[in-house]
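S.K.: just the structure for this:
(chains A and B)
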Amino acid sequence: MKLSPISVPYRAVQKSGSLLFILVFVGSTGSSGFGGPLLALAAFAVLAVSIGYELLYYRRFSYELTADTLDLSSGVFNRREREIPYGRIQNVDVSQNIIQRALGIAAVNVETAGGGSTEAVIRYVSAETAETLQTDVRDRKRGRDRREGASADEPAAEPEALFSIEPSELALVGVLSFDPRVPGAILALLTGSVPFVSPILPGDVSGIGLTVLIIVVGVAVIGLSWIVGAISAVVNYWGFRLTQTEDELQYERGLVQRYSGTIPFDKVQTVTIEDNPLKRRFGYATLGVETAGYAPGQANGKGSEAAVPLASVDRVHRLAHELEAFGEPEFTRPPKRIRRRYAVRYLLAIGALTAIAFAITRFYSIPFPWYVPIGAAVLTPIAAHYKWLHRGYWLGEDHFVARSGFWNREAKVVPYYRIQTVIDTRTIFQRRWNVGTVVADTAGSLSVLGSDAAALDIDRADVERIREELTDRLQASLEERRRDRKPASGFAWIDTVEDPALPNPVDFDSLTPAITAAGSEDADRSPDSTKTDRSPDSPKADRSSDSPKADRSSDSTDSDQPDRAEE
Amino acid sequence: MNALQPRIRILWVGRAIISAGIVGGVGYAAAMYADVPVEWPIAIAGLLLVVGVLHALLRYRNWRYEIREDSLYLERGVLTEVRTAVPLVRIQHVDSRRSALERLVGLASTVVYTAGSRGADVRIPGLTPDDASALRERLKRLAIEADGEDAV
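M.R.: Numbers count the residues shown, from 1 in each chain, chains lettered A, B, ... in the order given. Predicted structure coming up:
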């Protein structure tokens, strides 16, 4: 299938737009030696070249939905052929900005796990094609999953509305949004302009006058970032809607740029519930859903595209349980003594701030009351207490839940079977307090920003226990899932063992020494013995030899397997 | 628990010496240029050297790894102690590699990749080349056995 023909002029103008703009700008100043006709010619040439390129691009680009894969071939100079198995697709996103909406075209991004970028970009197809592509991929995925059951031909279930944002909620989202980038930008601007501004200021600024000025500027900056944050939040979440089909979550949002996408339930990695004292006061919370795919067009730079920006606590909890039935968490908090550490930490930060203020006032000899930040020290015990109060972890039936944050409280729900690695760390300071941190790493994209599900500052004795517990529960839940899946999938290697007629094709015992030898330190081993290629058969053979394990209860993962265990 | 090859200390201590040397050299030149007593950069470089060498030696002493029943387990870190458990099911692929410096002292390392975000690649340095490829083969086999049908 082809792209939409409109994509040719659109892409051409889009790509050469900035160059054309510069040319027009140079032409309009008119001061240079270039004549108008020459500029027009250059502009025409640029446009012609890019249209030519885009035509070729259009001719080369094709995509096709085969039985098992989404095939793409593209490239003008470098050709590229790609086949993406449906089972590996994390989500299919469609986005349209205001111009694209007027032209009736849309961009389709296909996300897979791994890598920091979108796997396949289809720019642009008509809006209807984008939608059919989205549903087709979904249907084929489902068809692939249930090829044995004849349900593949069934029409897709009618999507069930899960959530749609109320005007009052949207307004609240705006009110509670604050764009932290604005103060940064203003600060950068201000520091750059100080040398120009300072001579303008009245020479006899008294200490009080300066303080007032700083307060006024501060309030203005906060106000401005608040307004910017509010506008961008409202624009982003305009008409936010979540719908649910049998195995997928679909979202839609945006006023100027329209986003829509799907998230298969079985690709959801973590669910996050977030609130802050303001939201708690009014009974609202935020919900984030994280998949392993790279998320495009994220609001506020976070990777969770299906985040419910704000909804009443009830709705958020209902929705969260719809996604992951994790029950009612009872958090275990860090030991109480750790509050002293937090208080000390806050005091140190205040001390540093005061020192900086002191240094600045001395250096520039400004009569500014540098001791003002010390006043915040009164608040440290409260902050330390809340930091401690909000931190905690819970090991549920199927989920690990970790909560933290002094102002923005965030609870992360990780199903055990989504855990990738378990890391425990103890910094030099944590060792002093005899505590440590256990991190359950997942394949989510949010955690790149450093907000993994982590049980922070828990007692040293618990660190070890929880790390072991998490890995054990991961194994147990994998075992369970495998058992559940067994009847559905036609996968053979567990069942074949039950068949007594089947001879064991490989002598398992003869493999065992080779395996243990390969990793041990001092075993004599020729390079050949480790390089022997037995991959085609032996994994299967090994699997069948210890596969009765799979039929035992899930705690069998604790049992010793001499061929693997190594001291 | 397996320790690393003692030779890795040559590499790490050497690295500490070189970086201290660079800091010292640059500091010395700057001090000459700015007419500051040259004792300062030399003292700083000396301190860096001592700290760096100590860190390298402790790093070697604290590095441990082992392959457990269903995970690869690592212990390391001087200031921050880190312990990582990589379930074998989660292994995406395994590399063994030798950088130019590693080849100089006849060492290699094995790198284990998962789909995770933080512990996405776990590197075991300081192995003999044979050990590194043997470990790679073994982890590969164990990962296949562990049958990570959906590694994400």
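S.K.: make it CA atoms for all contacts and neighbour counts henceforth
M.R.: OK.
S.K.: what's the residue most central in space within chain B sitting at in phi/psi?
M.R.: Residue closest to the average C-alpha location in chain B (CA atoms, centre = their mean): residue B:125, at 5.1 Å. For residue B:125, the backbone dihedrals (degrees, to the nearest 10) come out as phi -90, psi 180.
S.K.: before we move on, what about residue A:3?
M.R.: Note on residue A:3: backbone dihedrals following degrees, to the nearest 10 are phi -80, psi 170.
S.K.: that one reaches residue A:129, doesn't it?
M.R.: No. Counting by CA atoms under 8 Å, residue A:3 does not reach residue A:129; the two are 9.2 Å apart.
S.K.: residue ranges of the strands in the stretch 251-400 of chain A, please?
M.R.: Taking DSSP state E, counting those that start in this stretch as the criterion, the stretch 251-400 of chain A contains strands spanning A:258-264, A:268-275, A:284-291, A:308-312, A:392-395, A:399-404.
S.K.: same list (those strands) but as a markdown table, adding mean neighbour count and mean pLDDT.
M.R.: Below are the strands of the stretch 251-400 of chain A laid out as a markdown table (neighbours: other CA atoms under 10 Å in any protein chain shown; pLDDT from 0 to 100):
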| stretch | mean neighbour count | mean pLDDT |
| --- | --- | --- |
| strand A:258-264 | 23 | 79 |
| strand A:268-275 | 23 | 86 |
| strand A:284-291 | 24 | 84 |
| strand A:308-312 | 22 | 84 |
| strand A:392-395 | 22 | 94 |
| strand A:399-404 | 26 | 92 |
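S.K.: how about a markdown table for the ones you listed, with distance to chain B added?
M.R.: Listed next are the strands of the stretch 251-400 of chain A as a markdown table, based on distance: least, CA to the nearest CA, whole Å:
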| stretch | distance to chain B |
| --- | --- |
| strand A:258-264 | 13 |
| strand A:268-275 | 8 |
| strand A:284-291 | 10 |
| strand A:308-312 | 23 |
| strand A:392-395 | 18 |
| strand A:399-404 | 16 |
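S.K.: next, the buried residues of the strand or helix carrying residue A:484.
M.R.: Using DSSP states H and E, residue A:484 falls within helix A:460-485. The neighbour-count check on helix A:460-485 (16 or more other CA atoms under 10 Å in any protein chain shown) flags A:460, A:462-463, A:466-467, A:470-480, A:482 as buried.
S.K.: the inter-axis angle of it versus strand A:399-404?
M.R.: Between helix A:460-485 and strand A:399-404, the angle comes out at 140 degrees (axes from the mean of the first three to the mean of the last three CA atoms, to 10 degrees).
S.K.: so which elements touch helix A:460-485?
M.R.: Judged by 3 or more CA pairs under 8 Å, 6 or more residues apart in numbering or on different chains; DSSP states H and E, the packing partners of helix A:460-485 are strand A:421-426, strand A:435-441, helix A:548-551.
S.K.: so what's the residue nearest to the centre of chain B closest to, chain neighbours aside?
M.R.: Using CA to CA, 6 or more residues apart in numbering or on different chains and skipping the chain neighbours, the partner closest in space to residue B:125 is residue B:109 (4.3 Å).
S.K.: and the one you found, what does it touch?
M.R.: With contact taken as CA atoms under 8 Å, 6 or more residues apart in numbering or on different chains, residue B:109 is in contact with B:96-98, B:123-129, B:132.
S.K.: can you tell me the SS state at residue A:92?
M.R.: Here residue A:92 is recorded as strand under DSSP: H, G, I helix; E, B strand; the rest coil.
S.K.: these two touch, right, it and residue A:119?
M.R.: No. Counting by CA under 8 Å, residue A:92 stays clear of residue A:119, with 10.3 Å between them.
S.K.: max-length helix in the chain?
M.R.: Let's take chain A. Counting by DSSP state H, the longest helix found in chain A is helix A:207-237.
S.K.: ah, no, chain B please
M.R.: What stands out as the longest helix in chain B, according to DSSP H, is helix B:8-34.
S.K.: which residues sit against the helix or strand following that helix?
M.R.: Note on helix B:8-34: by DSSP H and E, the next helix or strand toward the C-terminus is helix B:39-62. Helix B:39-62 has contacts (CA under 8 Å, 6+ apart) with B:3-4, B:6, B:8-9, B:12-13, B:16-17, B:20-21, B:23-24, B:27-28, B:31, B:75-78.
S.K.: which among those residues count as buried?
M.R.: Buried among the contacts of helix B:39-62 (16+ other CA under 10 Å): B:3-4, B:8-9, B:12-13, B:16-17, B:20-21, B:23-24, B:27-28, B:31, B:75-78.
S.K.: about what we covered before: next, the buried residues of the longest helix of chain A.
M.R.: By neighbour count on 16+ other CA under 10 Å, the buried set for helix A:207-237 is A:210, A:221-222, A:224-237.
S.K.: quick one: whatever helix or strand comes next after that helix to chain centroid distance?
M.R.: Beyond helix A:207-237 on the C-terminal side, the first helix or strand identified by DSSP H and E is strand A:241-244. In terms of CA atoms, centre = their mean, to the nearest Å, the centre of strand A:241-244 is set 19 Å apart from its chain centre.
S.K.: in its sheet, what does strand A:241-244 sit against?
M.R.: strand A:160-164 (antiparallel), strand A:248-253 (antiparallel) (DSSP bridges).
S.K.: which residues sit against the shortest one?
M.R.: Around strand A:160-164, the neighbours that count as contacts under CA under 8 Å, 6+ apart are A:239-245, A:319.
S.K.: likewise for stretch B:87-104?
M.R.: Contact with stretch B:87-104 is made by A:420-421, A:471, B:11, B:70-72, B:107-115, B:129, B:132-133, B:136, B:139-140, B:142-144, B:146-148, B:151-152, as judged by CA under 8 Å, 6+ apart.
S.K.: 7 Å - rerun?
M.R.: Stretch B:87-104 has contacts (CA atoms under 7 Å, 6 or more residues apart in numbering or on different chains) with A:420-421, B:70-72, B:107-115, B:132-133, B:136, B:140, B:142-143, B:146-148, B:151.
S.K.: appreciated, that's everything.
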